[in-house]
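A.B. asks: Predicted structure and sequence below. I'll ask about it afterward.
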Amino acid sequence: ERHCYRTNQQSRVQTQNPPPNSTMNSVIASSAFRRAWPMKKNDLKRMLNANRQQYSCFTSQSKATGHMALILGKPGGGKGTISGKILKDFPMFQHLSSGDILRHHVREETAVGMEAKKYMDEGTLVPDDVMIKLVVEDALKIIESGESLMLDGFPRTRDQASSLEESLNVDLVINLDIPTETIVERLSDRWIHAPSGRVYSYSYKPPQTEGIDDETGEALVQRDDDKPESIRKRLDLYDEATAPLIDFYSAKGVLETFKGTKSDVIYVSVKEWLDKKIA
């Protein structure tokens, strides 16, 4: 089932199993437009072309090559590393981060960006409906161009996923399941030199002298967010919010979970799965 939406209305029109790379003639023949049959075919084509931008059904998601992918995973769980590898090995994907989308629209002072900025200036969370407008507007530009898209950072809850599904057909979801203690260990060994912002990690970039900045000899500190108890609290909140989201995409049959502690090892399985799905 494909969903077509007028961008200036909330009404939905459903068409049954449109063929890949559907042509204007197939759209005309669909049940959604049967009421227009009394018109001459050429007149109907002109009408549809004139209003083409009003419908999101003219997207590459009706094409066999277009995919809409999500990557889920706990903070510090290697999402950035895995995403980078996917983008390198599967260049048909464009990466879209919800944070980047938000900043772009605010910077460009678009209508929806200004709507979001009101909440940001008030120090409150941007509501789901506004975030969905932002994401869908940018995502559709990529999907309609025939490209595939990897969305990062959104949706974060089941309600957001359900609302997003009304406009975009997510067909690939990668869920990175990294043990909490692995992430706690990975993040809690970060220490910084506060005045300069230099970051050290005892597991892969340790200071020459423990607890001391290499350049100034000043003491290193650990941010509150990097302390084990803070990390565990964030991860618990993530699990609580994301469990229903994982169930949502599992029920849809598009989610695959990858477990492990090392991104390079996990990615081998991720790549094999994507090769099969995209082939």
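C.D. replies: That came through fine. Numbering: from 1, shown residues only.
A.B. asks: Pretty sure K79 sits against N175.
C.D. replies: No - with contact defined as C-beta atoms under 8 Å, K79 does not count as touching N175 (10.4 Å). Just so you know, the C-beta spots here come from the backbone N, C-alpha and C atoms, and that holds for glycine as well.
A.B. asks: Between the two, which contacts overlap?
C.D. replies: Listed as contacting both K79 and N175 by C-beta atoms under 8 Å, 6 or more residues apart in numbering are L72, G73.
A.B. asks: And the strands in this protein, which stretches?
C.D. replies: For the chain, the strands defined by DSSP state E cover 2-5, 12-15, 68-73, 93-97, 148-152, 172-177, 190-193, 198-201, 255-259.
A.B. asks: For those strands, could you give me a markdown table that also reports distance to R223 and mean pLDDT?
C.D. replies: Below are the strands of the chain laid out as a markdown table (distance: least, C-beta to C-beta, whole Å; pLDDT from 0 to 100):
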| stretch | distance to R223 | mean pLDDT |
| --- | --- | --- |
| strand 2-5 | 44 | 37 |
| strand 12-15 | 46 | 36 |
| strand 68-73 | 21 | 93 |
| strand 93-97 | 22 | 89 |
| strand 148-152 | 23 | 90 |
| strand 172-177 | 24 | 96 |
| strand 190-193 | 6 | 92 |
| strand 198-201 | 10 | 90 |
| strand 255-259 | 28 | 97 |
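A.B. asks: Those: which one's closest to R103?
C.D. replies: strand 93-97 (9.2 Å; C-beta to C-beta).
A.B. asks: Contacts for the closest one, please.
C.D. replies: For strand 93-97, the external contacting residues (C-beta under 8 Å, 6+ apart) are 67, 69, 83, 86-87, 135, 138-139, 142, 147-153.
A.B. asks: wait, which of these is closest to I212?
C.D. replies: S83 (34.4 Å).
A.B. asks: how deep is the closest one tucked in, by neighbour count?
C.D. replies: Per other C-beta atoms under 10 Å, the neighbour tally for S83 reads 19.
A.B. asks: what bridges to the residue lying closest to it once chain neighbours are set aside?
C.D. replies: In space, and not counting its chain neighbours, S83 is closest to I71: 5.8 Å by C-beta to C-beta, 6 or more residues apart in numbering. Beta-bridge pairing of I71 under DSSP bridges involves D152, I174.
A.B. asks: And M120, how far from R103?
C.D. replies: Distance from M120 to R103, counting by C-beta to C-beta, to the nearest Å: 10 Å.
A.B. asks: Can you tell me the number of residues neighbouring S188?
C.D. replies: Neighbour number of S188 under other C-beta under 10 Å is 18.
A.B. asks: do the same with E181
C.D. replies: 12.
A.B. asks: One more: D129?
C.D. replies: 10.
A.B. asks: same question, the one 10 residues further on
C.D. replies: A139 is surrounded by 22 other residues when neighbours are defined as other C-beta under 10 Å.
A.B. asks: E122 too?
C.D. replies: With other C-beta under 10 Å as criterion, E122 counts 8.
A.B. asks: any chance you could map the helices in this protein?
C.D. replies: 24-29, 41-50, 79-89, 98-108, 111-121, 128-144, 158-165, 180-188, 228-252, 263-278 (DSSP state H).
A.B. asks: what about the shortest one, average pLDDT?
C.D. replies: What helix 24-29 shows for mean pLDDT is 44.
A.B. asks: what do you get for the last one?
C.D. replies: On average, the pLDDT along helix 263-278 is 95.
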